[in-house]
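> what follows is a protein structure lacking sequence information:
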């Protein structure tokens, strides 16, 4: 009994609690369409969130970490984002085993930590793609610091078996053998990152698979195959960031190739530059993408009988929900670091569908012209 | 003009003019007295990079004037960006920010009693003989 308090104190010494929170208000200045859950009135509950992290140092070079995020928003996917063991046999090598965020693009694995970047929303055309945020597996990171250059190489592999909400739809996602390699080079004020990722994906959206099964059952194999969400997905990424006391410049180019009906082949990029007047900074960004869906087939005869017509009509309905497109956004914004762990941000974005099918907005009405201003304010906190 | 604006802001934050001419020395408690680092290596060390030497960086609190100078002359990033960087590193399980001690005096005390510890100090602070100067700003 006498030694209990000491033991407890020692355990507490090795435990660290930390977290982050963001309150984001957004508003679409157009009554004819909605965007990512935002509409023509101020909403606070689309991107606001809170994250809590616990780190426990088990022994000298072995620790355990858990991070839980509580979200708002229509695609609310609260839960355990990270749960892993870290083993660092040397200072240069670090291994993580467990559930982790997938480090696909430069900001992918900390997109929820708004305090860590200047935008209110990461560039839409690169960061709103159909990606899988977490995986369960092993991540290894090796780092070398030379006299003038630093180099880090990361590699990971694992699997994903999880239910996600994507634009209001429930998706069962199963990715076997997801893996990737990331190399990051630091030279003076520059950071260059290049990465490659791939996985064997099997996504189930219930209504879609049911309909595909019906088509297959009556022999329309090509039509059934064209709706399939099983296949390979590959991601490529390249980014160059520059930052000094006065200026910053960031650019990233991404490319996604999939064999899935729901996920288009996408190319995206953003270019952003800004000025620091500590504790303020301002920036301007351009971000653009093109999305290409696989072609539909016309296999089912029309006019033969009512049942076939119904199938053909159903198929046309489904493929009409998606279509190749190209979109662009222009943003300006600012950040004020009010305290060392508290920042305010503002961002104004012109969102614009360039050509092709609907690419950005949801619930549009007939008179919508495909472009709208989007205003956001945010409070970012880490603790 | 920007530099003037920046020092003005620093002056407002700190409460008195930043001594922009003061140099910074980086001091360590190492057995090997021959270690010399360049600015890039020092920057990497204090940003959590794994140098081939067994060194543990320690830092001063954000509003400390020596830290402001170190950020300006060695790291080349604003305090805001450094805080952002550590938030990213912590919440992606990569690196943790150097341990912070309260004052320049406490930095010296800490280094003296911890082999491998490295800290930065303004030039002019008397450095005990048993410690090694790894780098000083021009």
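Thanks, I have the structure now. What you see is a predicted model; the values in this text were computed from it and never measured. Numbers count the residues shown, from 1 in each chain, chains lettered A, B, ... in the order given.

> for the residue lying closest to residue A:288 once chain neighbours are set aside, give me its contacts.
The shortest distance from residue A:288 to any residue other than its chain neighbours is 4.5 Å, reached at residue A:328 (CB to CB, 6 or more residues apart in numbering or on different chains). C-beta coordinates here come from the backbone N, C-alpha and C atoms, glycine included. Neighbouring residues of residue A:328 by CB atoms under 8 Å, 6 or more residues apart in numbering or on different chains: A:125, A:286-289, A:352, A:354.

> with residue B:78 instead?
Counting by CB under 8 Å, 6+ apart, the residues that residue B:78 touches are A:245, A:276, A:278-279, A:281, B:71.

> quick check: mean pLDDT across the helix or strand the residue nearest to residue A:288 falls within?
Assessed by DSSP states H and E, residue A:328 sits inside strand A:325-339. Strand A:325-339 comes out with an average pLDDT of 96.

> who does it pair up with?
Strand A:325-339 has its sheet partners listed here by DSSP bridges as strand A:280-292 (antiparallel), strand A:342-356 (antiparallel).

> picking that back up, how near is the residue nearest to residue A:288 to chain B?
Using CB to the nearest CB, to the nearest Å, residue A:328 is found at 27 Å from chain B.

> re the thing from before, and the two most separated of the contacts of residue B:78?
By the measure CB to CB, A:281 and B:71 form the most distant pair in the contacts of residue B:78, at 14.7 Å.

> returning to what we had before: any idea what the residue nearest to residue A:288 is bridged to?
Applying DSSP bridges to residue A:328 gives these bridge partners: residue A:288, residue A:352.

> so for residue A:236, which of the strands paired with strand A:325-339 sits nearest?
Taking CB to CB, strand A:280-292 is the member of the strands paired with strand A:325-339 nearest to residue A:236, at 14.1 Å.

> which one of the contacts of residue A:328 is nearest residue B:113?
Once CB to CB is applied, the member of these that ends up nearest residue B:113 is residue A:287, at 51.2 Å.

> nearest to chain B: which residue in the stretch 101-250 of chain A?
Taking CB to the nearest CB, chain B has its nearest neighbour within the stretch 101-250 of chain A at residue A:116, 4.1 Å off.

> if we can go back for a sec, which of the contacts of residue A:328 count as buried?
Listed as buried from these are A:125, A:286-289, A:352; burial here means 16 or more other CB atoms under 10 Å in any protein chain shown.

> can I get these in TSV with distance to residue B:129?
Listed next are the buried ones among the contacts of residue A:328 as TSV, based on distance: CB to CB, whole Å:
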residue	distance to residue B:129
A:125	59
A:286	57
A:287	57
A:288	61
A:289	62
A:352	67
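
> count of neighbours near residue 119?
You didn't say which chain, so I picked chain A. By other CB atoms under 10 Å in any protein chain shown, the residues close to residue A:119 number 24.

> my question was about chain B, not that one.
28.

> which secondary structure state is assigned to it?
Secondary structure state of residue B:119, per DSSP: H, G, I helix; E, B strand; the rest coil, is strand.

> identify the residue spatially nearest to it, adjacent ones excluded.
Nearest to residue B:119 is residue B:107, by CB to CB, 6+ apart, at 4.1 Å.

> all strands for chain B, in order.
Applying DSSP state E to chain B gives strands spanning B:24-28, B:56-59, B:99-100, B:117-122, B:132-136.

> residues making contact with the last one?
Yep, that's strand B:132-136 we're talking about. Contacts of strand B:132-136 with the rest of the structure, by CB under 8 Å, 6+ apart, involve B:23-30, B:32-33, B:35-39, B:41-42, B:118, B:123, B:127.

> show me where the chain has its helices.
With no chain named, the answer covers chain A. Using DSSP state H, the helices of chain A run over residues A:4-13, A:124-127, A:206-217, A:221-226, A:306-319.

> that's the wrong chain, I wanted chain B
Here chain B has its helices, by DSSP H, at B:2-14, B:39-46, B:65-70, B:79-91, B:104-113.

> tell me how far the residue nearest to residue A:288 lies from residue A:196.
Distance from residue A:328 to residue A:196, counting by CB to CB, to the nearest Å: 26 Å.

> wait, doesn't residue A:119 sit right on residue A:285?
Yes: contact criterion CB atoms under 8 Å: residue A:119 and residue A:285 qualify, at 7.0 Å.

> OK, contacts around residue B:79?
Counting by CB under 8 Å, 6+ apart, residue B:79 touches A:278-279, A:337, A:340, B:62, B:67-68, B:71.

> nearest to residue A:360 among those?
Proximity to residue A:360 was ranked across these by CB to CB; first place goes to residue A:337, at 30.6 Å.

> I'd say that closest one and residue A:345 touch.
No: with contact defined as CB under 8 Å, residue A:337 does not count as touching residue A:345 (9.9 Å).

> follow-up on the earlier one: among the contacts of residue B:78, show me the least confident.
Minimum confidence in the contacts of residue B:78 sits at residue A:278, scoring 88.

> any idea how far chain B is from that residue?
Distance from residue A:278 to chain B, counting by CB to the nearest CB: 4 Å.

> ok, that residue touching residue A:337?
Yes: contact criterion CB under 8 Å: residue A:278 and residue A:337 qualify, at 7.5 Å.

> what touches both of those two?
Residues touching both residue A:278 and residue A:337 by CB under 8 Å, 6+ apart: B:79-80.

> residue numbers of chain B in contact with chain A?
Proximity of chain B to chain A is confined to B:2, B:5-6, B:9-10, B:13, B:38, B:40-41, B:44-45, B:49-52, B:54, B:62, B:72, B:76-81, B:83-85, B:87-88, B:90-94 under the rule CB under 8 Å from any CB of the partner chain.

> are any of these buried, and if so which?
For the residues of chain B next to chain A, a neighbour count by 16+ other CB under 10 Å gives the buried set as B:6, B:9-10, B:40-41, B:44-45, B:49-51, B:62, B:72, B:76-81, B:83-85, B:87-88, B:90-94.

> show me which residues of the stretch 1-150 of chain A sit near chain B.
A:18, A:20, A:51, A:53, A:65, A:67, A:82, A:84, A:86, A:90-92, A:94, A:96, A:100-101, A:103, A:109-110, A:112-113, A:115-117, A:141, A:143-145, A:147-148, A:150.

> give me the local confidence score for residue 20.
As the question left the chain open, I've gone with chain A. 98.

> I was after chain B.
The predicted structure scores residue B:20 at 57 on the pLDDT scale.
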